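> What shape does this take:
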Amino acid sequence: MQKKNSFLGIFLIGCLFFIFGFITWSNTQLIPYLKLACQLNDTQSYYVATAFFAAYFFTSYPSSLLLKVIGFRKGMACGLLIMAVGAALFIPAARMVSYPVFLAGLFIIGTGLAMLQTASNPYVTILGPIESAARRMSIMGVCNKAAGIIAVYTLGAITLKDADTVKASIELASGNARQLIVEQLAGKVVVPYIIIAAVLVLLAVVIYRIMPEIRAENEESRAEASPYDKVPLLGIRHLVLGALAIFFYVGAEVLCYDTFSTFGQAAGYSLEEAKNFATYTGYALIVGYLVGIALIPAYISQRQALVLSSLLSIVLVLLAMYTVGGVFPKEFPIICFALLGFSNAAIWPAIWPLAIDRIGRHTENGAALLVMMIVGGAVLPPLYGKLSAAMESRILAYWIMIPCYLYILFYALWGSRQQRPNAGNNIKVRS
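Numbering: from 1, shown residues only. Have a look, this model is predicted:
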């Protein structure tokens, strides 16, 4: 790819990461919003994340096969159009006040995002030296999380304006009066999602018209450089274990922002006060990405960053849980929970290059496997909801995050070290 086209491609990929962030972080507001509009309990409301992230598991591999046929440029445009269809489905969902139709729209949006993620993440990773891949991923992460902060503020201002008053009105009303309030509340998403659908269609046209075609390395050159040519995809240990690390990381990260308002309310804040708490996580993530850009790989390696991030995350989760109430200031657990954004920032950018390093001809399918494991975001939130109901504590249920970070620590210390076949078909560990 020529240098001019390379810069254009990077700029457009950055725009796509902005879209990823805006759409994904919109869920932080949809969860409390749909809980009110559709009269749901905690566990039911977290099916927003389940419907959205489950699409990654079911559609990432088919997306990788389609991308091989139509190419990255057409695939990205197709993914954006699929997302536009999902966003448009919010209009009839709001008119009918139908939670299943909302979930169907979210699944379709997730399907389009799966195609975009399958194309864009490996491209960013292999764009330059593998040692600096985490830096490039961090730059894209800044685009992603900046969009997320914008999404939380804009959608929160529209859908959750005067949320406590609306909640009280619904609880006090009955019959037709109650139904009218619910219908008016549900209608608040119509205009935002019409705009989102239109922007997605416009960006699809731009990508299709001017995006430089991105081609992976040819099979022959990759095979010569890779020790895994004759190893089946699921036989590459550092890739498979990396996929599990993605599963646990995404599940934990989604809990950090999608349930932040829940955590805030459990810590003594009102819904109106807590509705934008997820933005604190976004700010912390951006700071973490900027620190990663400065330090990796100049001062610390990707593996070292993963070790430090997982350890810090464990400490912050424990502090957030056990400083609610008592002698600690009311703000302290909120600060600890928000700082999980900082500790999480280096995890995704570090796992990707460690997981697909030297896998050669398996790069596309390996990337699809990693994107499939974003399904962790579909699994952990409802599990948290069930655990909080069983424990009768929204706070202590965050223990579910500790095993996630312990596994990431395991992957950093041991699981990411490569085992490669030698001439005798034995396995050697590569640090």
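> Select the longest helix from the chain.
Secondary structure of the chain per DSSP state H: the longest helix is helix 47-88.
> Just checking, which helix or strand succeeds that helix along the chain?
helix 90-96 (DSSP states H and E).
> If we go by neighbour counts, what in that next one is buried?
Going by neighbour count (16 or more other C-beta atoms under 10 Å), the buried part of helix 90-96 is F90, I91, A93, A94. Just so you know, the C-beta spots here come from the backbone N, C-alpha and C atoms, and that holds for glycine as well.
> Name the nearest residue to the second one, sequence neighbours excluded.
Nearest-residue entry for I91: V190, 5.5 Å, with adjacent residues in sequence omitted and distances by C-beta to C-beta, 6 or more residues apart in numbering.
> do the last one as well
With C-beta to C-beta, 6+ apart as the criterion, A94 has its nearest non-adjacent residue at 4.6 Å, and that residue is A186.
> how close does the one you found get to V101?
A186 is 11 Å from V101, where distance means C-beta to C-beta, to the nearest Å.
> just S63 next, same as before
On the measure of C-beta to C-beta, S63 and V101 end up 24 Å apart.
> of the two, who's got more company?
For S63 and V101, the more surrounded residue by other C-beta atoms under 10 Å is S63, and the numbers stand at 26 against 17.
> Kindly export stretch 283-300 (C-alpha atoms) in PDB.
Taking C-alpha atoms only, stretch 283-300 is exported to PDB below (Å, rounded to 0.1, in the frame of the first residue of the first chain):
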ATOM      1  CA  TYR A 283     -11.900   9.300  30.500                       C
ATOM      2  CA  ALA A 284      -9.700   6.900  32.500                       C
ATOM      3  CA  LEU A 285      -9.500   4.600  29.400                       C
ATOM      4  CA  ILE A 286      -8.300   7.400  27.300                       C
ATOM      5  CA  VAL A 287      -5.600   8.400  29.800                       C
ATOM      6  CA  GLY A 288      -4.600   4.700  30.000                       C
ATOM      7  CA  TYR A 289      -4.300   4.500  26.200                       C
ATOM      8  CA  LEU A 290      -2.200   7.700  26.100                       C
ATOM      9  CA  VAL A 291       0.100   6.200  28.800                       C
ATOM     10  CA  GLY A 292       0.300   3.000  26.800                       C
ATOM     11  CA  ILE A 293       1.200   4.900  23.600                       C
ATOM     12  CA  ALA A 294       4.100   6.600  25.500                       C
ATOM     13  CA  LEU A 295       5.400   3.500  27.400                       C
ATOM     14  CA  ILE A 296       4.800   0.500  25.000                       C
ATOM     15  CA  PRO A 297       7.200  -0.800  23.800                       C
ATOM     16  CA  ALA A 298       9.800   1.900  24.600                       C
ATOM     17  CA  TYR A 299       9.900   1.200  28.300                       C
ATOM     18  CA  ILE A 300       7.800  -1.800  29.000                       C
END
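> Excluding chain neighbours, what is closest to A84?
L200 (4.0 Å).
> I'd assumed the one you found was in a strand, is it?
No: counting by DSSP: H, G, I helix; E, B strand; the rest coil, L200 is not found in a strand; it is helix.
> was I right about it contacting G79?
No: between L200 and G79 there is no contact under C-beta atoms under 8 Å: 9.3 Å.
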